[in-house]
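K.L.:
here is my input, please return the structure:
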Amino acid sequence: MTQYDPDAIYFYAQTEAYAEFSNFAPYGVAIDDVWWRTVEHYFQAQKFDDPTYRERIRGCTQPKQAKALGMTRALPIRADWDDVRDEIMQRAVTTKFATHAALAEMLLATGNRQIVENAPMDYYWGCGADGTGQNRLGLILMAVRETLRHSAPIAAGHGGSKERDKGQK
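P.N.:
Sure, this is the predicted structure:
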């Protein structure tokens, strides 16, 4: 991605349109029989082999706190992180949209438009400050959208609600 596309969907801040696409959005996921408050919580915890530290991240009340713990290098990150991070993100984002029917409908409603995480400091997951980032999260969202197009319809109300998610750990 090298320049602004007026037809693309840009998301980032929780106060802007399509904030639901953010990993910070308050939509929990159950992965490996464990409930995570947000995709961000799950993703940050997966950087570490230490189960106690993973649980500490899972217990954070806010995704910003989970990210801060995940960004530390006081503990070593897992040796294969660069090899598995995209797969981990794909799994988490897929689970999020499979769990929450309203989010799946919102993603499908984007049609064929490009989706861009407008993260000015992130040149891997987002587009970066100048639009030259890899936009890996946007690409994953578009892949999930394509998968949803070819899957069975999601039953109304399946997967819970935003309110229910807030109360679960």
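K.L.:
quick check: phi and psi on the residue of the chain positioned farthest from its centre?
P.N.:
Residue farthest from the centre of the chain, counting by C-alpha atoms, centre = their mean, is residue 74 at 24.3 Å. Main-chain dihedrals, residue 74, degrees, to the nearest 10: phi -70, psi -30.
K.L.:
equivalent analysis for residue 30, please.
P.N.:
Taking degrees, to the nearest 10 as the convention, residue 30 sits at phi -110, psi 120.
K.L.:
what pairs with residue 31 across the strands?
P.N.:
Residues in a beta bridge with residue 31, per DSSP bridges, are residue 34.
K.L.:
that one contacts residue 39, correct?
P.N.:
No - Residue 31 is beyond contact range of residue 39, at 9.5 Å (criterion: C-beta atoms under 8 Å). Just so you know, the C-beta spots here come from the backbone N, C-alpha and C atoms, and that holds for glycine as well.
K.L.:
who has more neighbours out of these two?
P.N.:
For residue 31 versus residue 39, the count of surrounding residues by other C-beta atoms under 10 Å is larger for residue 39: 27 against 17.
K.L.:
center of this protein, which residue is that?
P.N.:
Nearest to the mean C-alpha position of the chain, counting by C-alpha atoms, centre = their mean, stands residue 23 at 3.3 Å.
K.L.:
spit out the contact partners of that one.
P.N.:
Listed by C-beta atoms under 8 Å, 6 or more residues apart in numbering, the contact set of residue 23 reads 38-40, 43, 63, 92-93, 137.
K.L.:
of all those residues, which comes closest to residue 147?
P.N.:
Of all the contacts of residue 23, residue 147 sits closest to residue 93, with 10.3 Å by C-beta to C-beta.
K.L.:
got the CA positions of the host helix or strand of the closest one in PDB?
P.N.:
Element membership for residue 93, per DSSP states H and E: helix 81-99. What follows is helix 81-99 as a C-alpha-only set of coordinates in PDB (Å, rounded to 0.1, in the frame of the first residue of the first chain):
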ATOM      1  CA  TRP A  81       7.400 -15.700  17.000                       C
ATOM      2  CA  ASP A  82       8.300 -14.200  13.600                       C
ATOM      3  CA  ASP A  83       7.200 -17.500  11.900                       C
ATOM      4  CA  VAL A  84       3.900 -17.900  13.800                       C
ATOM      5  CA  ARG A  85       2.600 -14.400  14.400                       C
ATOM      6  CA  ASP A  86       0.600 -14.100  11.200                       C
ATOM      7  CA  GLU A  87      -1.000 -17.500  11.800                       C
ATOM      8  CA  ILE A  88      -1.900 -16.600  15.400                       C
ATOM      9  CA  MET A  89      -3.400 -13.300  14.200                       C
ATOM     10  CA  GLN A  90      -5.400 -15.100  11.500                       C
ATOM     11  CA  ARG A  91      -6.800 -17.600  14.000                       C
ATOM     12  CA  ALA A  92      -7.800 -14.900  16.500                       C
ATOM     13  CA  VAL A  93      -9.400 -12.600  13.900                       C
ATOM     14  CA  THR A  94     -11.300 -15.500  12.300                       C
ATOM     15  CA  THR A  95     -12.600 -16.600  15.700                       C
ATOM     16  CA  LYS A  96     -13.700 -13.100  16.500                       C
ATOM     17  CA  PHE A  97     -15.800 -12.800  13.400                       C
ATOM     18  CA  ALA A  98     -17.100 -16.300  13.600                       C
ATOM     19  CA  THR A  99     -18.200 -15.700  17.200                       C
END
